[in-house]
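Student: sequence plus the predicted model coming up.
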Amino acid sequence: MQQGVLESIDVLKEVTGEEQINTLGFCIGGTILATALAVAAARGEDPTATMTLLTSVLDFSDTGVLDVFVDEAHLQMREQAMAARTARRRV
């Protein structure tokens, strides 16, 4: 979150000279944006004036038809791939 969305927000604020920016997230980008802004809020930061989300899932307790595409085995595979990528970056 920090090296992606939150850093991008910081750069935009610096370039524009504004204390807050307006944001828009679409699909998984909206999910990522909402998650990043939740992290910022937990830190006591409020970098955005507005957040607009289009077709973004925020509550994954009932994923509906997405279960066809993502199951527990797929999730474990992605977590392992992300952990391996993170380990390679640290070297």
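Tutor: Looks like it arrived, so ask away. Residues are numbered from 1 along each chain as shown.

Student: from now on I want contacts and neighbour counts done on CA atoms only, so please keep to that.
Tutor: Will do.

Student: now do the lengthiest helix in the chain, average pLDDT.
Tutor: For the chain, the helix with the greatest residue count under DSSP state H is helix 72-90. Computed over helix 72-90, the mean pLDDT rounds to 87.

Student: do stretch 35-53 as well
Tutor: Mean predicted confidence for stretch 35-53 is 97.

Student: kindly report the same for stretch 19-28.
Tutor: Mean predicted confidence for stretch 19-28 is 96.

Student: what sits up against that stretch?
Tutor: With contact meaning C-alpha atoms under 8 Å, 6 or more residues apart in numbering, stretch 19-28 is reached by 9, 12-13, 30-33, 46-57.

Student: mind running it again at 6 Å?
Tutor: If you take C-alpha atoms under 6 Å, 6 or more residues apart in numbering as the criterion, stretch 19-28 is touched by 47-56.

Student: can you redo these as CSV with secondary structure and neighbour count?
Tutor: Below are those laid out as CSV (DSSP: H, G, I helix; E, B strand; the rest coil; neighbours: other C-alpha atoms under 10 Å):
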residue, secondary structure, neighbour count
Pro47, coil, 19
Thr48, strand, 16
Ala49, strand, 10
Thr50, strand, 11
Met51, strand, 14
Thr52, strand, 13
Leu53, strand, 19
Leu54, strand, 13
Thr55, coil, 12
Ser56, coil, 17
